[in-house]
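Visitor: quick one, fold the following:
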Amino acid sequence: MKTLNVLIKRNIKLFFKDKGMFFTSLITPAILLVLYATFLKNVYYDTFVSALPEAFNVSEKLINGCVSGQIISSILAVSCVTVAFCSNMLMVQDKSSGSIKDFTISSLKSSSLAISYYFATMISTLVICLAALCICLAYVAGTGWYMSTLDVIYLLLDVFMLVMFGTALSSIINFFLNTQGQMSAVGTIVSSGYGFICGAYMPISQFSEGLQKVISFLPGTYATSLIRNHAMNGVFKEMSTQGFPDEVVDSIKTSIDCNIYFFDNKVSIEMMYFILIATIVILLSVYVIMNIIKSKRVK
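Guide: Sure thing, here's the model as predicted:
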């Protein structure tokens, strides 16, 4: 256990010591927030207003609260995974520099090395994503705040679980990488593609029916929906308080992926959590098995 703690601390220190990797990971959520607020806010605003019946008079604050909730949920859903890939690059760097050979030829167990990479990546990613969450909450407070304390607690839980998911996924993929070039290529693909397939950049409800069914098999879809539900729960409650018909509120939820359907069956919040937890367990199991097999081959 002592050796494991030393390795985890070593990996965390190296990540934060690498200014390029650290600041890239840190400013990514902030850049996304600026881009969303600058270019997509008006799109979300117009889409929301056009979906309302003409007889409805909705306050500017409520509309902004809905838009900002959608923006921050998209940012957090993407950042928790993409930042994990950046944080987990140390695993590949150790292979590329040859540092990992110093560990493998020693009496250090390969399982301890693998676990140290996972927990160090998870802790580093969590620090950055919690900072991103604080920035996002500050943005919501300045535009239209309707979240309760419980909603914020659920957002914290969602971020923590999504970080675990992103760390497990990046650990498996980075396991096969050995060079800086491979690392950069995978990072670019994940950064540009993950937001689309998880419904963060564009609501899944706007995709074709066939593509919606394909994406419904991806766990990232449900992670995005969880964050979106909790970021916008207060807004939906306020809509009901102001007299919005349940059908209108439910239609809005469906249009922005708060309601997710698996082959026409609505997926509950509890089931979303179950899918995400099950996925984390499966990915971690695969990561452990891969390292056990590698250890046996080395021996």
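Visitor: worst-scoring helix or strand of this protein, pLDDT-wise?
Guide: When each helix and strand of the chain is scored by mean pLDDT, DSSP states H and E, helix 99-104 comes last, with a mean of 63.
Visitor: next secondary structure after that one?
Guide: Next in sequence after helix 99-104, counting helices and strands by DSSP states H and E, comes helix 110-143.
Visitor: would you mark the buried spots in that next one?
Guide: Within helix 110-143, the residues that qualify as buried are 110, 112-129, 132-133, 136-137, 139-140, 143, counting by 16 or more other C-beta atoms under 10 Å. Where you see a C-beta, it was placed from the backbone N, CA and C, and this is true even at glycine.
Visitor: go on, stretch 205-222?
Guide: Judged by neighbour count using 16+ other C-beta under 10 Å, the buried positions of stretch 205-222 are 205, 207, 212, 215, 216, 218, 219, 220, 221, 222.
Visitor: can you tell me, leaving aside adjacent residues, what's nearest to residue 177?
Guide: residue 92 (4.7 Å; C-beta to C-beta, 6 or more residues apart in numbering).
Visitor: got it, and residue 234?
Guide: Spatially, and ignoring its direct neighbours in sequence, residue 234 is nearest to residue 146 (3.3 Å; C-beta to C-beta, 6+ apart).
Visitor: please determine how far the one you found is located from residue 60.
Guide: Applying C-beta to C-beta, to the nearest Å, the value for residue 146 to residue 60 is 13 Å.
Visitor: and these two? Which one has more around it.
Guide: Shown here are residue 146 and residue 60; by other C-beta atoms under 10 Å, residue 146 has more neighbours (21 against 10).
Visitor: contacting residues for that one?
Guide: For residue 146, the contact set (C-beta atoms under 8 Å, 6 or more residues apart in numbering) comprises 62, 65, 69, 234, 235, 237, 238.
Visitor: state the helix or strand in which the fourth one lies.
Guide: Using DSSP H and E, the element containing residue 234 is helix 219-241.
Visitor: list the buried ones in that helix?
Guide: For helix 219-241, the neighbour count (16+ other C-beta under 10 Å) marks 219-236, 238-239 as buried.
Visitor: residue 244 reaches residue 62, doesn't it?
Guide: No: between residue 244 and residue 62 there is no contact under C-beta atoms under 8 Å: 9.7 Å.
Visitor: for the buried residues of stretch 205-222, which two are the farthest from each other?
Guide: 205 and 219 (18.3 Å; C-beta to C-beta).
Visitor: ok, now which ones touch the closest residue to residue 156 other than its chain neighbours?
Guide: Spatial nearest neighbour of residue 156, excluding adjacent residues (C-beta to C-beta, 6+ apart): residue 133 at 7.2 Å. Applying C-beta under 8 Å, 6+ apart to residue 133 gives the contacts 76, 155, 156, 159.
Visitor: averaged pLDDT, the helix or strand containing the last one. What do you get?
Guide: By that I understand residue 159. Taking DSSP H and E as the definition, residue 159 sits inside helix 149-174. Helix 149-174 shows a mean pLDDT of 94.
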